[in-house]
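Participant: Coordinates only, no sequence provided:
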Ligand code: AQP
């Protein structure tokens, strides 16, 4: 069976981008079709200025939302990254495999380091090394497939490069993974700024639909989405990014093709109304289930405890093997 790994960072409330780009496929496809692990990757949330109490709250909320979205612990492994030491152990070996040049080339590093400097904060070293930790997340489980949004393509590419390099230098140790992306809505854009990704840690709350937004808030955000000049509806990502984003969202929410959806509309108003309705309906069961699960945190804790135990059992032999391969004296 194919092994699948993916994760979500508790840097903010989960968004429609996270859901359409990643979580929905984990729920509908990956947990059935593969041997899958899904993680709240909390160590990755420490790479920029953070508030400890907030990260703690958001980690619990993200785990609860993954279950509310439909991940079933009887089918897949759901856990928190920091509960499994193997990620950090392996990350160091991979730091000894990567070069600083290849990490400085990462687009996210370039963007976020500029932001951190502009805010007068130092750039944390972990912001540079974060893709290496992500490679460790993936390689520790002999992962074949990494279902992610388009924005993570470059990081999974690095994980592949490191796996190949390590195997060549020290003998076959890691499975070489590959990224998979959804056919539609692999990159959901900010409703207020269709040139930038809808990211949960971004400032513009008005352009971001959160999974836990009330229906009237979702409607307001979609109805106020920035559209392009012109008024006819056409699917043209380059010249009409705002409308194309709405078409992507509506198509993904209703399992259709964006270009076919475009043909059904002649005005932006009705496109926005239908998109808003589709998103409200898509998120309704997630919000309802979240409310139930949030009332029973002990149940979520149990899932995470058992998930971490299973994950540890899978990662430990792989990481031990890597320690031996790289030349470290085994502890007896
Ligand atoms: N806008 C998006 N469209 C499609 N997929 C997306 N993903 C994130 N945003 C979109 C995918 O969701 C999974 C988890 O994402 P994440 O937690 O790594 O990133 P984020 O929500 O983008 O969080 P941040 O903190 O705001 O990060 P940056 O600064 O990186 O944007 C991933 O599979 C991701 O591809």
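Facilitator: In hand now; what should we look at? The model shown is predicted, which means the values in this text are computed figures rather than measured ones.
Participant: Which parts of the protein are strands?
Facilitator: 3-8, 35-40, 77-80, 145-147, 178-180 (DSSP state E).
Participant: which sections of the stretch 201-332 of the chain are below the confidence cut-off?
Facilitator: 204 (pLDDT under 70).
Participant: got the residues of the stretch 151-300 of the chain near the ligand?
Facilitator: The stretch 151-300 of the chain has residues 151, 152, 186, 187, 188, 197, 198, 199, 200, 201, 202 near the ligand, with proximity defined as C-beta under 6 Å from any ligand atom. For glycine as for every other residue, the C-beta is placed from the backbone atoms N, C-alpha and C.
Participant: shouldn't the fifth one be in contact with residue 249?
Facilitator: Yes - using C-beta atoms under 8 Å, residue 188 and residue 249 qualify as a contacting pair, with a distance of 6.4 Å.
Participant: between the two, what contacts are shared?
Facilitator: Between them, residue 188 and residue 249 share these contacting residues under C-beta atoms under 8 Å, 6 or more residues apart in numbering: 16, 20.
Participant: What residues does the closest residue to residue 23 other than its chain neighbours make contact with?
Facilitator: Leaving aside its chain neighbours, residue 23 sits nearest to residue 69 (5.2 Å; criterion: C-beta to C-beta, 6 or more residues apart in numbering). Residues near residue 69 by C-beta under 8 Å, 6+ apart: 19, 23, 24, 26, 27, 211, 286, 289.
Participant: Top of those by number of neighbours, please.
Facilitator: Among those, the one with the most neighbours (other C-beta atoms under 10 Å) is residue 19, at 27 neighbours.
Participant: How about the contacts made by that one?
Facilitator: 69, 211, 282, 283, 286.
Participant: for these, which one is nearest the ligand?
Facilitator: Among the contacts of residue 19, residue 211 lies closest to the ligand (C-beta to the nearest ligand atom), at 11.1 Å.
Participant: Count residues in the vicinity of residue 183, would you?
Facilitator: Other residues close to residue 183 by other C-beta under 10 Å number 10.
Participant: Kindly provide the distance from it to the ligand.
Facilitator: To the ligand, residue 183 is 12 Å away according to C-beta to the nearest ligand atom, to the nearest Å.
Participant: got the phi/psi numbers for that residue?
Facilitator: phi -70, psi -30 (degrees, to the nearest 10).
Participant: ends of stretch 185-202, how far apart?
Facilitator: 19 Å (C-alpha to C-alpha, to the nearest Å).
Participant: tell me which residues in it are buried?
Facilitator: The neighbour-count check on stretch 185-202 (16 or more other C-beta atoms under 10 Å) flags 185-194, 197-200, 202 as buried.
Participant: Show the contacting residues for residue 303.
Facilitator: By C-beta under 8 Å, 6+ apart, the neighbours of residue 303 are 63, 67, 73, 78.
Participant: Redo those residues as JSON lines? Include distance to the ligand and pLDDT.
Facilitator: Converted to JSON lines, the contacts of residue 303 look like this (distance: C-beta to the nearest ligand atom, whole Å; pLDDT from 0 to 100):
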{"residue": "63", "distance to the ligand": "13", "pLDDT": "98"}
{"residue": "67", "distance to the ligand": "16", "pLDDT": "98"}
{"residue": "73", "distance to the ligand": "19", "pLDDT": "98"}
{"residue": "78", "distance to the ligand": "14", "pLDDT": "98"}
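Participant: Mind picking the two most distant members of those residues?
Facilitator: 63 and 73 (10.8 Å; C-beta to C-beta).
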